[in-house]
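**Q** how would this look folded up:
(chains A and B)
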Amino acid sequence: MSMYYAFGTVLLLLGITAPVALSFGFAGASAARSHIAPLRWIGQTYIAIVRGIPDIAFFLFFVIALDQGFEFIRHKIKCPDWDEPIRQGNDFVVCTAAKLPLGNAPQWVHETYGFALAVLTFSIVFGAFAANVLLGAMRAVPLGQLETAQAYGMTRRQTFWRILVPQMWVYALPGLSNLWMVLIKATPLLFLLGVEDIVYWARELGGSKRPQFTDYPHPDWRMWYFLALLVFYLAFTKVSEVVLNRIMARLSKGQATAAGEAQRKAAA
Amino acid sequence: MSCWETIIDYGLRSQGIGERLLPRSDFTLCQQFTLIGSGMIWNIYFGIVALCTGFFLATAVALGKASHSVYLRKPAEWFIFVFRGSPLFIQFFFAYFLFLSLKSQFPIFSPLTSAWAGALVVLFLNTAAYSGEIFYGALLSIPKGEIEAADAYGLSGWARFRRVIWPTMLRLAWPAYTNEAIFLFHATTLVFFSGFPAFQQRGDALYYANYFADKSFNPFIPYPILAGYFIVLTLIVIGLFGLVNTRLNRHLPQARRKKLRIRPQILR
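**A** Residues are numbered from 1 along each chain as shown, chains lettered A, B, ... in the order given. The predicted structure is shown next:
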């Protein structure tokens, strides 16, 4: 039964990560084109640092790094009179009160914490990609639009929220839909983060490490489980493709882009 | 132990040459650099062989998808959809278990269950699908005039393809293909995290980086080393592809030649 919940886990991850990553991306892109220099540097570094390195390395890195970072901060706050060093050779030692989650917490807290870490990691990594797409989209909005807004006496803030943000989506959508496809295809990496997702179950159900001790009435079925996963992902990609095409058609309506122009001609 | 001895002991560890036991505690920086670098041999091997072989299948698939015959077009379309629509991670798992069950039926398949051959097959098919789509896009955007000119010169069939269509297709596709090559190298890190076992701890760069991070609970050293190696590898790939790009564009007037730029923001 847990196997079927695992599909839910993946969908939940996608459902939470996509908006969070998008807001990370929006914040990153806005920061990167800010007029305040330190804010701009933060935004640009955030975008630059996540790209160009295999994403799986980030997934492995961030989960430990975030975990240790949280525990380190809690340790500083909760146990100020602790005098032993935190890094003792190969060990990372914090006081018991700072452990995350607490040692005596029930099982579901541990699982939820692991899942939350995974969501945060995914959001940070994909947020950087989204930030880049959105930054490109903000630059693609015709300059004349912004100049017109200024000519009407709008402030910078008003121009940003009323002119730039509504118009940038049509330019951002191709990039974002590509990102969504990549996000779907990155979800099996959850398994590496220790969350019991569908890959975990497909491996477990088929057989154990020592097949001679298992007494399943059937031979090794892991191949078929993974085939099922393959089909699941293919179907999911196909559905997303159709939906995204519809959204794109809706957004292009009345825009001064090639797609919008084609729609106008087809209607006329 | 001096650093030079470490290099002699572990420099080719990923190929099973040198010291058999991996270091267990008190890792030095030198050990981490050497072992992770030694693992890069696998990443480079997978990347280069898959790229060189995948290139030919990609050309064939692109021609198939652009062909008028349904019997050529449909298989090519499905091939591209299946490999681009599903996660590489799942493909690795599925292929591994598929090869396992094939092996139990026909012993001839036994090399395919080890990473050097089995994972290579998956990477080969995967990159062929992604590059096939890139080449297909380029094939569609070949200027009409060039093909008409070839017809006017009396070129047809193989000669027209070899002398006009193919070089132009490559020229147009090259920037995107460079990007695909970079992502392929990144994707090679997944091999030993899927079903494929690292025989006698002969793994790739990420395998060793993960080993160090697991043993020392300190992700802040091995992963940045890995990232550094990959950034260098990416720069080398861009340099080599840039040379080819110059050659492909050598007939164009200076102003119209496009230089390859590093564009890590583009996702696969």
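**Q** ok now stretch A:224-241, how far from the chain's centre?
**A** Stretch A:224-241 has its C-alpha centroid displaced from the chain centroid by 20 Å (Cα atoms, centre = their mean, to the nearest Å).
**Q** cool, and stretch B:160-167?
**A** Distance of stretch B:160-167 from the chain centroid (Cα atoms, centre = their mean) equals 25 Å.
**Q** start and end of it, how far apart?
**A** Start-to-end span of stretch B:160-167 (Cα to Cα, to the nearest Å) is 10 Å.
**Q** and the helices in the chain?
**A** Went with chain A since none was named. Under the criterion DSSP state H, chain A carries helices at the ranges A:2-32, A:37-50, A:55-78, A:107-140, A:143-151, A:156-158, A:165-186, A:198-206, A:222-252, A:258-267.
**Q** you answered for a different chain; I wanted chain B.
**A** Along chain B, counting by DSSP H, helices occupy B:3-10, B:29-66, B:70-85, B:88-105, B:115-140, B:144-152, B:157-160, B:166-187, B:205-216, B:222-248.
**Q** of those helices, which is nearest A:Arg156?
**A** Among those, helix B:166-187 comes nearest to A:Arg156, with 34.9 Å by Cβ to Cβ. Every residue, glycine included, has its C-beta placed from N, CA and C.
**Q** on contacts alone, who are the packing partners of that closest one?
**A** On a contact count with 3 or more Cβ pairs under 8 Å, 6 or more residues apart in numbering or on different chains; DSSP states H and E, helix B:166-187 meets helix B:29-66, helix B:115-140, helix B:222-248.
**Q** near chain A at all, the last one?
**A** In this case it means helix B:222-248. Yes: counting by Cβ under 8 Å from any Cβ of the partner chain, chain A has neighbours in helix B:222-248: B:Tyr223, B:Leu226, B:Ala227, B:Phe230, B:Ile231, B:Thr234.
**Q** by neighbours, which of the residues you listed wins?
**A** Using other Cβ atoms under 10 Å in any protein chain shown as the neighbour test, the residues of helix B:222-248 next to chain A are led by B:Leu226, with 30 neighbours.
**Q** which ones are touching the residue nearest to it when sequence neighbours are not counted?
**A** Nearest non-adjacent residue to B:Leu226, counting by Cβ to Cβ, 6 or more residues apart in numbering or on different chains: B:Ala209, 4.3 Å away. If you count contacts by Cβ atoms under 8 Å, 6 or more residues apart in numbering or on different chains, B:Ala209 has them with A:Ala57, A:Leu60, B:Gln32, B:Ile36, B:Gly39, B:Pro222, B:Tyr223, B:Ile225, B:Leu226.
**Q** on that earlier part again, ok, of the residues of helix B:222-248 next to chain A, which one's closest to B:Arg247?
**A** B:Thr234 (20.9 Å).
**Q** my read is that that closest one contacts B:Phe185, right?
**A** Yes: in this structure, B:Thr234 is within contact of B:Phe185 by Cβ atoms under 8 Å, at 7.2 Å.
**Q** share the number of residues neighbouring residue 28, please.
**A** I went with chain A, as the question did not name one. When neighbours are defined as other Cβ under 10 Å, A:Gly28 has 25 of them.
**Q** my bad, the chain I had in mind was chain B
**A** For B:Thr28, the neighbour count with other Cβ under 10 Å is 12.
**Q** give me the distance between the nearest residue to it once chain neighbours are set aside and chain A.
**A** What sits nearest to B:Thr28 in space, not counting adjacent residues and going by Cβ to Cβ, 6+ apart, is B:Thr6, at 7.2 Å. In this view, B:Thr6 and chain A are 18 Å apart by Cβ to the nearest Cβ, to the nearest Å.
**Q** list the contacts for B:Thr6?
**A** Contacts of B:Thr6 (Cβ under 8 Å, 6+ apart): B:Thr28, B:Cys30, B:Gln31, B:Thr34.
**Q** grab the nearest non-local neighbour of the second one.
**A** Yep, that's B:Cys30 we're talking about. B:Cys3 (4.1 Å).
**Q** what number of residues lie near that neighbour?
**A** Using other Cβ under 10 Å, B:Cys3 has 13 other residues around it.
**Q** returning to that earlier point: let's have the helices of chain A in TSV, adding distance to B:Ile17 and mean pLDDT.
**A** Formatted as TSV, those follow (distance: least, Cβ to Cβ, whole Å; pLDDT from 0 to 100):
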stretch	distance to B:Ile17	mean pLDDT
helix A:2-32	41	84
helix A:37-50	35	79
helix A:55-78	26	77
helix A:107-140	36	83
helix A:143-151	60	89
helix A:156-158	63	88
helix A:165-186	35	84
helix A:198-206	32	66
helix A:222-252	33	85
helix A:258-267	57	78
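**Q** between the ones you listed, which one is closest to B:Ile108.
**A** Closest of these to B:Ile108 is helix A:222-252, at 17.8 Å (criterion: Cβ to Cβ).
**Q** quick one: check the closest one for contact with chain B.
**A** Yes: Helix A:222-252 lies within reach of chain B by Cβ under 8 Å from any Cβ, at A:Arg222, A:Met223, A:Phe226, A:Leu227, A:Leu229, A:Leu230, A:Tyr233, A:Leu234, A:Thr237, A:Lys238.
**Q** columns distance to B:His251 and neighbour count on top of those residues, output as CSV?
**A** Below are the residues of helix A:222-252 next to chain B laid out as CSV (distance: Cβ to Cβ, whole Å; neighbours: other Cβ atoms under 10 Å in any protein chain shown):
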residue, distance to B:His251, neighbour count
A:Arg222, 53, 22
A:Met223, 50, 21
A:Phe226, 48, 26
A:Leu227, 48, 16
A:Leu229, 48, 24
A:Leu230, 44, 18
A:Tyr233, 43, 22
A:Leu234, 42, 16
A:Thr237, 39, 19
A:Lys238, 41, 12
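**Q** nearest to A:Leu134 among the residues you listed?
**A** Set against A:Leu134, the nearest of the residues of helix A:222-252 next to chain B by Cβ to Cβ is A:Thr237 (22.8 Å).
**Q** now that closest one. Nearest residue, chain neighbours left out?
**A** The shortest distance from A:Thr237 to any non-neighbouring residue, by Cβ to Cβ, 6+ apart, is to B:Gly85 (4.0 Å).
**Q** how about that neighbour, what does it touch?
**A** Each residue near B:Gly85 by Cβ under 8 Å, 6+ apart is listed here: A:Tyr233, A:Leu234, A:Thr237, A:Lys238.
**Q** cool, A:Gly28 as well?
**A** Each residue near A:Gly28 by Cβ under 8 Å, 6+ apart is listed here: A:Gly43, A:Tyr46, A:Ile47, A:Gly127, A:Ala128, A:Ala130, A:Ala131, A:Leu134, A:Leu135.
**Q** just those residues now: which is nearest chain B?
**A** Using Cβ to the nearest Cβ, A:Ile47 comes nearest to chain B of these, at 7.6 Å.
**Q** for A:Ala186, give its distance to A:Leu13.
**A** Per Cβ to Cβ, to the nearest Å, A:Ala186 is found 10 Å from A:Leu13.
**Q** mutual contacts of those two, please.
**A** With Cβ under 8 Å, 6+ apart, A:Ala186 and A:Leu13 have common neighbours A:Phe122.
**Q** rewinding a little: from the contacts of B:Thr6, keep the buried residues only.
**A** B:Cys30, B:Gln31, B:Thr34 (16 or more other Cβ atoms under 10 Å in any protein chain shown).
**Q** and of those residues, the nearest to A:Ala65?
**A** B:Gln31 (21.3 Å).
**Q** pLDDT wise, what is the closest one at?
**A** We have a pLDDT of 86 for B:Gln31.
**Q** and it, what does it touch?
**A** Applying Cβ under 8 Å, 6+ apart, one finds that B:Gln31 lies in contact with B:Thr6, B:Tyr10, B:Pro23.
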